[in-house]
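Enquirer: Give me coordinates for this.
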Amino acid sequence: MNIREQLLTLLKESGESFISGEEMSRRLGVSRTAIWKHIEELRQEGYIFEAVRRSGYRLLSSPDITSAEEIKLGLQASVFGQHIHYYSTIDSTQNKCQELAKAGAPEGTLVIADEQAGGKGRLGRVWHAPAGKNISMSLLIRPQLELDQCPQITLLAAVAIVETIKELYSINAAIKWPNDVLIHGKKVCGILTELNAEADHVNWLIIGMGINVNTEQHEFPPGVSEIATSIAIQKGEKVRRVPFIQGVLQKLEELYQLYVNEGFTPVRKRWEANAITIGKRVIIRTLQGQLEGLAEGIDDTGVLLVRKNDGTVQKVYSADVEIQA
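Expert: Numbers count the residues shown, from 1 in each chain. Below you'll find the model as predicted:
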């Protein structure tokens, strides 16, 4: 934990009480001048302090900033999010996370940006991520998996996000196979999983998550506003992003450990409990063409099983899925 993190921890733990510069200096092992400089830097970032002569400082409010310091304070996950690379703006958290993975970054490394200029979704689509509104983050894991098991991680991530939305905000989110989280039929989150692998093993896997948190309806680009929503729109008020990020990381770690210890079956059951695709007639669009049928479920690798009109079952590995009315 760096000095800024320790300083913020002291101030937040002090609550309504003042803590003197001398006390902070003593406990953190730095000069009072260094304490003052850090506090002034934090003021510039939007933190509001009350300073009283001979009493010290107390923290009145924190900005809605997704910095490493804010995320780590109160984070219950022991691996995921312990190494955080925060950027006020970046082209793509996925690209940066790939660079870090190649350089040997440890499992659980998180890349997060307040604004993402070149965010991407499946099939090379653009992901809308305006400054200060949403969550754009990529998580590095180094799982012991076979290649055909990797799609399971996307489904695991979807479960983590849906369950966090439900638990924190009592909003009935749902999953549309393979990687969309919806609220009332509109997309609130997309998940992009990318990997680096050899013929016989996976080197690393990156879970990219783009979550619409505080975007207002009129802020979505033309063509997107009809199909997208945000947590704030559904809740009727703005949402602080850091508690949600912490919740997702904690839930991801919980599910990942469950997956490592017990396999995909318990995760699959939770996925199916939150899925809206299963049991519905769907139109499947792939690069090879289009088919229609009944989405019957997913198999043990996470592949979608669709019973076609002729009665045969086809495995769908990657596709755009439209649920028929």
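Enquirer: which one in this structure is furthest away from the centre?
Expert: residue 54 (42.7 Å; C-alpha atoms, centre = their mean).
Enquirer: which residue sits closest to that residue in space, ignoring its chain neighbours?
Expert: residue 20 (7.8 Å; C-beta to C-beta, 6 or more residues apart in numbering). Every residue, glycine included, has its C-beta placed from N, CA and C.
Enquirer: if I read this right, the one you found contacts residue 55, doesn't it?
Expert: Yes: the criterion here is C-beta atoms under 8 Å, and residue 20 meets it with residue 55 at 6.9 Å.
Enquirer: More neighbours: these two, which one.
Expert: residue 20 (15 against 12; other C-beta atoms under 10 Å).
Enquirer: how much space is there between that one and residue 202?
Expert: For residue 20, the distance to residue 202 (C-beta to C-beta, to the nearest Å) stands at 52 Å.
Enquirer: pLDDT wise, what is residue 287 at?
Expert: We have a pLDDT of 83 for residue 287.
Enquirer: For it, grab the count of nearby residues.
Expert: Neighbours around residue 287, by other C-beta under 10 Å: 7.
Enquirer: Next: residue 155.
Expert: Neighbour tally, residue 155, other C-beta under 10 Å: 27.
Enquirer: domain assignment for the chain?
Expert: Structurally, the chain divides into domains by automatic domain parsing as follows: 3-61, 68-274, 281-323.
Enquirer: which of those sits most buried?
Expert: Stretch with highest mean neighbour count among the domains of the chain: domain 68-274 (a mean of 18; mean count of other C-beta atoms under 10 Å).
Enquirer: tell me the mean pLDDT over it?
Expert: 92.
Enquirer: Okay, now it: how far is its last residue from its first?
Expert: 31 Å (C-alpha to C-alpha, to the nearest Å).
Enquirer: same thing with stretch 300-320?
Expert: 20 Å.
Enquirer: what mean pLDDT does it have?
Expert: 91.
Enquirer: The residue nearest to residue 54: what's it in contact with?
Expert: 54, 55, 56, 57 (C-beta atoms under 8 Å, 6 or more residues apart in numbering).
Enquirer: will you turn those residues into CSV that also has pLDDT?
Expert: Below are the contacts of residue 20 laid out as CSV (pLDDT from 0 to 100):
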residue, pLDDT
54, 87
55, 92
56, 93
57, 95
